[in-house]
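Visitor: All I have is the shape, not the residue letters:
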Ligand SMILES: [Zn+2]
């Protein structure tokens, strides 16, 4: 139903209102602040200009998450390129191809790239040795105080959370989120390091052998140790202390889920040496309005940050979305579904933006 006010009725209503309400123009003119028309006009103009400045300021603040220039879509392109190499477990052909790709990528961006090599026994055939390579990317190598940003770049050998036993044995596990996401994030970050107002040196370390692990379905247990690369890196740092010292570190694992929810990992949020870092990063996200960083503890994850904290005493936190998706079901985790289609550039963009902003405040 529609109602209509006829012309004469409107005029009557307006007349009634103005009889009861003082004329706003007269109110301004008669106020002690406005002695004449030009003075009142000055006040009006001043008010409009101030409102305009406030509006511009608010718009700039709202646009801040994009202001760091971190390109989530380009990062997602890197994730797809890594997955196109197939499975990238330690010692595999895919891993070798990945190393070639990464060395070219980071040297083209003027970073210093080195390998840290070692060998381990194969978890299923003890006579076989598997070559391991941590890839270290140094920015401003002369700086003695450094920040460590890291991720694992190997994938699990098999998709052993699949229900079908044939797929568990023969499926090609791509590890788009669990493997490529942290690497893709650091590849994009490499484009922004030169512009960062940073007094620290910066190292990206890509760990091999995070999970050269198989699952025994009869005994329902893992075969093979975790965190081989980070344990080696931490032991070397402790045994042969370098000239430099890491003052802080962040580990990225599973940071590209299209349905991103970044709760705080319990160890990172409660260890004395890492607690302040968690507060800094989730605080930065809150300041930028990145709501995917949820300032609450949800899960306790053993990851590469364990050896780094325990052996090397480097304060490293783990940023991990361990709901991939729907914790604790994690439907895509260690399955064929951990593929680029389940990941998104927006998610990578959000994490990258928070990290660029955090690094910019770390002076
Ligand atoms: Zn995994």
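Guide: Cool, the structure landed. What you see is a predicted model, and the numbers here were worked out from it, not measured in a lab.
Visitor: Show me what residue 118 bridges to in the sheet.
Guide: Counting by DSSP bridges, residue 118 forms beta bridges with residue 132.
Visitor: Can you check the pLDDT for it?
Guide: Residue 118 carries a pLDDT value of 98.
Visitor: Where does the prediction get shaky in the stretch 201-350 of the chain?
Guide: Residues of the stretch 201-350 of the chain meeting the criterion pLDDT under 70: none.
Visitor: Point me to the residue of it nearest the ion.
Guide: residue 211 (5.0 Å; CB to the ion). The way it works is simple: take the backbone N, C-alpha and C, and place the C-beta from them, glycine included.
Visitor: okay, now that residue: neighbour count?
Guide: 22 (other CB atoms under 10 Å).
Visitor: tell me the contacts of it?
Guide: Under the criterion of CB atoms under 8 Å, 6 or more residues apart in numbering, the contact list for residue 211 reads 152, 154-156, 224, 226.
Visitor: mind listing what the closest residue to the ion within the chain touches?
Guide: Residue of the chain nearest the ion, by CB to the ion: residue 178 (4.1 Å). The contact partners of residue 178, by CB under 8 Å, 6+ apart, come to 155-156, 253-254, 324, 333-334, 338.
Visitor: And those residues, which is closest to residue 316?
Guide: residue 253 (11.5 Å; CB to CB).
Visitor: Which residue ranges of the stretch 251-363 of the chain form helices?
Guide: For the stretch 251-363 of the chain, helices defined by DSSP state H, counting those that start in this stretch occupy the ranges 266-270, 275-288, 305-310, 345-361.
Visitor: got TSV for the ones you listed, with distance to residue 137 and mean neighbour count too?
Guide: Converted to TSV, the helices of the stretch 251-363 of the chain look like this (distance: least, CB to CB, whole Å; neighbours: other CB atoms under 10 Å):
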stretch	distance to residue 137	mean neighbour count
helix 266-270	23	19
helix 275-288	21	18
helix 305-310	16	22
helix 345-361	15	22
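Visitor: and this protein, which of its residues are near the ion?
Guide: Applying CB under 5 Å from the ion, one finds that the chain approaches the ion through 156, 178.
Visitor: and with 8 Å instead?
Guide: 155-156, 175, 178-179, 210-211, 254, 333-334 (CB under 8 Å from the ion).
Visitor: Which one of these sits in the busiest neighbourhood?
Guide: Greatest neighbour count in the residues of the chain next to the ion, by other CB under 10 Å, goes to residue 155: 32 neighbours.
Visitor: What pLDDT is listed against that one?
Guide: pLDDT, residue 155: 98.
Visitor: so what's it up against?
Guide: Here residue 155 is in contact with 87-89, 94, 173-175, 178-180, 211 (CB under 8 Å, 6+ apart).
Visitor: go on, residue 351?
Guide: So residue 351 contacts 185, 252, 255, 260, 262, 319 (CB under 8 Å, 6+ apart).
Visitor: Point out the ones among these that are inside strands.
Guide: The members of these that map onto strands under DSSP state E are 252, 262, 319.
Visitor: picking that back up, can you put the residues of the chain next to the ion in JSON lines and add distance to residue 272?
Guide: Converted to JSON lines, these look like this (distance: CB to CB, whole Å):
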{"residue": "155", "distance to residue 272": "33"}
{"residue": "156", "distance to residue 272": "32"}
{"residue": "175", "distance to residue 272": "33"}
{"residue": "178", "distance to residue 272": "29"}
{"residue": "179", "distance to residue 272": "31"}
{"residue": "210", "distance to residue 272": "25"}
{"residue": "211", "distance to residue 272": "28"}
{"residue": "254", "distance to residue 272": "25"}
{"residue": "333", "distance to residue 272": "30"}
{"residue": "334", "distance to residue 272": "32"}
